[in-house]
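Participant: give me a model of this one.
(2 chains, ligands or ions: 2)
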Amino acid sequence: MITHALARLRAHPGRRFAVLMAIVIGTAFLAATAVFTATSAAGLRAVAAAPLNTADVVVDHDPESADPEPDWAAEVTAHPDVVAATAFHARTRQLVTEERRAIANVYSLAAEPSLRWFDLEEGRWPASPTEVVVDTETLEQAGLALGDRIRLRDTAPSVGGPTAAGTGEKATDTADDGTAASTGAFGGPGEAEVTVVGVTDLGFRPLTGVRYRLYATEGFFAGDIPSTVLARVRQGASPEATVADLNATLPPGLSAMTAVEQAELAADRFAGGSRQLDLVLLVFGLIALLAAGMVIAGAHTVQLARLRRDIALLRLVGARRGQVRGLIVTEAAVVGLLGSLLGSAAGVGLGYVGASLTGLTGVGLRVFPLALVGVVCAGVLTTVCAAWAPARRAAAVPPIEALRAADPPPGIPTRPVHLVGAAAALVGGTVMSVGALVGVLPIAIGAGFLGAVGLLSVLRPVLARLMVLVAPILDRCGGVAGLAGANLVRDPGRAATSALTLVLGLGLISALLTAATTGRATIDADLRNRYPVDVSVRVDTGSISPDTERVIADIEALTMVEKVRTSRTEITGLGEVTLVGVTPELTAASGAPALTGDDGTPVMVVSNDQLAGLGVASGQRVALALGGTERTFTVVTGALATVSGTAAPVVDARVLDTSGVDVDRGMVWGVARDDADRDALSEHLDRVAAADPSLEVGGASSERRDITGILDMMVNLALAMLLVTVLIATLGVADTLGLSVVERTRESALLRALGLTRAGLRGTLAVEAMVIALLGALLGVLIGVPYGLAGIAAVVGDTAPLVVAVPWAGLASIPVAALVIGIISAVLPARRAARTAPAAGLAA
Amino acid sequence: MRTPVVRSAPALRTEGLVKRYGEGPTAVTAVAGVDLAFPAGGFTAVMGPSGSGKSTLLHLLAGLERPTSGRVFIEGRDLTGLDDRGLTRLRRDRIGFVFQSFNLLPALTAEQNILLPLRLAGRTPAPGALKTLVTTLGLGERLRHRPSALSGGQRQRVAIARALITEPAVVLADEPTGALDVAAGRELLDHLRTACDELGRTIVMVTHDPLAAARADRVLLLADGALHGVLPRPAPHEILSAMEGAR
Ligand SMILES: Nc1ncnc2c1ncn2[C@@H]1O[C@H](COP(=O)(O)OP(=O)(O)OP(=O)(O)O)[C@@H](O)[C@H]1O
Ligand SMILES: [Mg+2]
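Facilitator: Ligands and ions are numbered 1, 2, ... in the order given. Take a look at the predicted model:
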């Protein structure tokens, strides 16, 4: 039988184009996901494990336990099997150059060369505590050169915002343990001047949250108790045995582990974050595959309708239904296999490109052959499943149709499968909504999928009936439109089939647009909540200079800049704090809750620690002495209290003005506009910091940049993916129209003979295509928007309050796009139809 | 050389066959109760005015349509009792078809078209069977061509080859010469005649052409779905006058 399947393929290679393209794209996306995942995970692992490459054993000090001896590294070295050991330190410092001042991490370099985990590109290893090595990326970004001198200053303890975790930062930042705020003076006790003596090219971007990384000798960290010791064992000794020995002999609070285990742990910590991205990619991959399945099912329906006569003939000469079905499905499997192989190959390339764009290809291309086999299987399975129903329907063609010249009956009768589909759509939709509201993602996804499949199976007859409804309207428009309407009604089932792929493609795009817009709005709101103020610049004493204020106010990315009131005062239960007063305008711009209660009670925003210090619950009313007078505040916790990097309670400006305390203008706060270029903003702030060393610059700009950047990237990726689906749907419409043109050759000729112009004939087809596309678009939007909302609601769950945002402009452009799609898909068929000679209709 | 042989059982037989389309006042009775027997190895032509039910009768004989009432027997087997699978197998193994046009699958070569019923049955042709058939029908050079590259006459010969390859009990032909010129039509009838005489096939052929019908062993005349007359081995002019009567 397979020879016959192949014979048909050979005879019509072009016919399978839509099917092949669909499966190529679907599997390419899946394969790209698999390769991207594997490559980036391997890259992440390599990056995370890099600092441990040269060690065999790692000993950690549990920060919760009592401090060990400062030179506890010696206890590790004392083990007979340990041939070398080094204490590992890390400090966070402000890197100060002529041009900028920003946070940098300083890591210790092993004195023992065999324990150093990178080589030098240029220069030499540091020989004293005043010499450092930097990596090429830091060199570039900080505008440094070999031999440059830089100052490293102590940082104020940082509060708020997730602490960036990064390579080698297993050791806690010793400088973060609440050391006093910078004195702001040059050459003070908190400052050291170092020279860049060496440069290393790591070959990857370490996963640190900081932009600048320096490596210094152990002498630089004099006085710090190491939190980690790395050791090498002698050749032939087992790291595991050494670990066991060490754990038995070392004092409590110190625990040993093999470097391999430690590397795994470190890798897992980072992979955890990337796994979520993998999951999202996988879901989009499966959606793409579903889309491909839809296109394939549609293409099969249309093409099998064209082959109806052939199939009837096959049945007439003795082919059983099962044989016909087998023939079609076998053919689909062959195309599916071919497409899946092509797609997987393309996907491997795409995945690698994707991974290298994110800079995670340190260890080169990683492909799990099993995953690719899985992708190919999924591709073939999708093709076969998609072809199954049309094949079944085609195999049911009565053989006698081979002897009839008449057209098959138009329209699609309502079948039990449609009722099942409607039920599935109803149940799936309901369960999905519930799942989304409750925030159970797997249930919502499962139900959503069921609902979608149900909808898709029931949509064809619905669309067909819509076509019939539209025809009289077109008829009233007269002439060309009327002809188009008559053509739609002639085989509404076929028109519906081609519209269906558009419903899917445009529906997915509407869903994605809605989900992305809502998700973006939700994340923005959540970020606003967590990081209400993007920029904070403060001085420790006195007020910010007007010059500095002007420079910040001129930053284009900021919508609202305010020199907030500050006052160093004593508050009962909190001790001496910097109390901040902000205007209602700033509160409003930042999206934070108002600082005056409904009943006029002033609100004081404090940090979590301070709330605990006050011994009250958030939202409780407390009488606090301020400037000698007692006042009642509603005390709440909020992100406003940690904007400046230290815990500083915030009240309304008027409260501060009327309380009789001395008021300075010690801080400038700025709120960024939504579409701000956050890279440029960071750059600006680094320069502000460099211009005046007494300034403490902070804010949440970079966190927001990172989070929204990833979201945007993924949405764009998915949109690009779905646009390709729409392209295929366009091919589907063109295919259908082409088919109807072929079938209508006689009729077209007759119409031409009766006086219809070429342009009129082309217009008929264009109108037909536009109606099909428009109906597809409208249904797509109608279905896609709720789907998108439910989907994003399920994804967000209860991690943040959902902020519904409908992308009106985007949705409005979909029907417009549909009209364009209609016109484009009509171009080729219309040309063919117009070429028909009027005489052809009169020939026998 | 016609040697009419008296055979015991008819290859094909009908009992009170009725086929009605539609319901109520618009109902059309295409076949109105015919009892027929087609002797094995006989060549029967069916004639009648347009709309007299010839094609419908043929469809009923092949089990392509279910009769409204009455029964059809092929080699003694009642078609009305068979399901789709049984009917399909019967058509595949025991019936050959030749129509006016659209006989062949355009994607398959002539040879593949001929062998199709065997392939569908999972059978291989008896050694030499294909060669003999193809030589007899003069298709030797044309086997690798697709139908679009064949003349109308060649296509019909391929169809005959396909109808005969399974060694069927009956060959049903509906206006097989309708789309051919006189010479090609005559040649085609020669082939059918040979199939009947030398291979012992039972042939039922619907035709409008008295010259074609004259090649048959007998001619059945249909009018308004009922049997109007039987002419055993008539000459063309006898057929013409009988047709006038049937109108
Ligand atoms: N599927 C059908 N539905 C309704 N009526 C039908 C159908 N098929 C045939 N008929 C009617 O049955 C009658 C017999 O038709 P049939 O095709 O058998 O005639 P025929 O003798 O083959 O005519 P012709 O010589 O023109 O081919 C006709 O009146 C026709 O309209
Ligand atoms: Mg007929």
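Participant: is the host helix or strand of residue B:164 positioned near chain A?
Facilitator: Element membership for residue B:164 (DSSP states H and E) is helix B:152-165. Yes: Helix B:152-165 lies in contact with chain A when judged by Cβ under 8 Å from any Cβ of the partner chain; the contacting residues are residue B:162. Where C-beta positions appear, they are placed from N, C-alpha and C, glycine not excepted.
Participant: mind exporting that helix as CSV, just the C-alpha atoms?
Facilitator: C-alpha atoms of helix B:152-165 as CSV (Å, rounded to 0.1, in the frame of the first residue of the first chain):
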residue,chain,number,x,y,z
GLY,B,152,-9.2,7.9,-24.5
GLY,B,153,-9.2,4.5,-26.1
GLN,B,154,-6.1,3.4,-24.3
ARG,B,155,-7.6,4.6,-21.0
GLN,B,156,-10.6,2.5,-21.6
ARG,B,157,-8.4,-0.5,-22.4
VAL,B,158,-6.5,0.0,-19.2
ALA,B,159,-9.9,0.1,-17.4
ILE,B,160,-10.8,-3.2,-19.1
ALA,B,161,-7.5,-4.7,-18.0
ARG,B,162,-8.2,-3.6,-14.5
ALA,B,163,-11.7,-5.0,-14.6
LEU,B,164,-10.4,-8.4,-15.8
ILE,B,165,-7.2,-8.8,-13.8
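Participant: next secondary structure after it?
Facilitator: If you walk from helix B:152-165 toward the C-terminus, the next helix or strand you reach (DSSP H and E) is strand B:170-174.
Participant: near ligand 1, which residues of chain B show up?
Facilitator: Contacts of chain B with ligand 1, taken as Cβ under 6 Å from any ligand atom, map to B:21, B:22, B:28, B:30, B:48, B:50, B:51, B:52, B:53, B:54, B:55, B:56.
Participant: okay, the spatially most central residue of chain B: pLDDT?
Facilitator: Compute the mean C-alpha point of chain B, and by Cα atoms, centre = their mean the closest residue is residue B:172, 1.5 Å away. Note on residue B:172: pLDDT of 91.
Participant: hang on, the earlier thing: flag whichever of the residues of chain B next to ligand 1 scores worst on pLDDT.
Facilitator: When the residues of chain B next to ligand 1 are sorted by pLDDT, the bottom entry is residue B:22 at 86.
Participant: buried sites along stretch B:146-155?
Facilitator: Using 16 or more other Cβ atoms under 10 Å in any protein chain shown as the test for burial, stretch B:146-155 gives B:146, B:147, B:150, B:153, B:154, B:155.
Participant: ok, back up a step: so which pair among the residues of chain B next to ligand 1 is furthest apart in space?
Facilitator: B:22 and B:48 (20.8 Å; Cβ to Cβ).
Participant: in terms of neighbours, single out the busier of these two.
Facilitator: residue B:48 (25 against 9; other Cβ atoms under 10 Å in any protein chain shown).
Participant: quick check: chain neighbours aside, which residue is closest to that one?
Facilitator: With sequence-adjacent residues excluded and distances taken as Cβ to Cβ, 6 or more residues apart in numbering or on different chains, residue B:48 is closest to residue B:222, at 3.5 Å.
Participant: what is the burial count for the one you found?
Facilitator: Burial of residue B:222 is recorded as 23 neighbouring residues (other Cβ under 10 Å).
Participant: I'd say it and residue B:50 touch.
Facilitator: No: taking Cβ atoms under 8 Å as the definition, residue B:222 is not a contact partner of residue B:50, at 10.9 Å.
Participant: can you tell me the helix or strand for the closest residue in space to residue A:738 that isn't next to it in sequence?
Facilitator: Leaving out its chain neighbours, the residue that sits closest to residue A:738 by Cβ to Cβ, 6+ apart is residue A:829, at 4.5 Å. Using DSSP H and E, the element containing residue A:829 is helix A:808-835.
Participant: so who does residue 82 touch?
Facilitator: With no chain named, the answer covers chain A. When contacts are counted by Cβ atoms under 8 Å, 6 or more residues apart in numbering or on different chains, residue A:82 touches A:57, A:76, A:231, A:232, A:233, A:234, A:242.
Participant: ah, I was thinking of chain B
Facilitator: The neighbourhood of residue B:82, defined by Cβ under 8 Å, 6+ apart, consists of B:63, B:90.
Participant: now do it against chain A, distance only.
Facilitator: Between residue B:82 and chain A the distance, using Cβ to the nearest Cβ, to the nearest Å, works out to 13 Å.
Participant: the helix or strand bottoming out on mean pLDDT in chain B packs against which elements?
Facilitator: Least confident helix or strand of chain B, by mean pLDDT, DSSP states H and E, is helix B:236-246 with a mean of 79. Applying 3 or more Cβ pairs under 8 Å, 6 or more residues apart in numbering or on different chains; DSSP states H and E, one finds that helix B:236-246 contacts strand B:43-47, helix B:210-213, strand B:218-223, strand B:226-232.
Participant: CA atoms only: put the second one into PDB for me.
Facilitator: By that I understand helix B:210-213. Only the C-alpha atoms of helix B:210-213 are listed here, as PDB (Å, rounded to 0.1, in the frame of the first residue of the first chain):
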ATOM      1  CA  PRO B 210     -27.200  -0.100 -31.500                       C
ATOM      2  CA  LEU B 211     -24.000  -1.200 -33.200                       C
ATOM      3  CA  ALA B 212     -22.400  -1.800 -29.900                       C
ATOM      4  CA  ALA B 213     -25.500  -3.600 -28.500                       C
END
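Participant: what is it packed up against?
Facilitator: Helices and strands touching helix B:210-213, by 3+ Cβ pairs under 8 Å, 6+ apart, are strand B:43-47, helix B:182-199, helix B:236-246.
Participant: nearest residue to the residue of the stretch 251-400 of chain A found nearest chain B other than its sequence neighbours?
Facilitator: Using Cβ to the nearest Cβ, residue A:318 is the residue of the stretch 251-400 of chain A that sits closest to chain B, at 2.2 Å. Closest residue to residue A:318 in three dimensions, ignoring its sequence neighbours and counting by Cβ to Cβ, 6+ apart: residue B:92, at 2.2 Å.
Participant: over to residue A:66?
Facilitator: Once flanking residues are discounted, residue A:66 sits nearest to residue A:253: 6.1 Å by Cβ to Cβ, 6+ apart.
Participant: what is the burial count for the closest residue to residue A:31 other than its chain neighbours?
Facilitator: Distance criterion Cβ to Cβ, 6+ apart; nearest residue to residue A:31, sequence neighbours excluded, is residue A:347 at 2.6 Å. Counted by other Cβ under 10 Å, the residues lying close to residue A:347 total 29.
Participant: no more questions from me, cheers.
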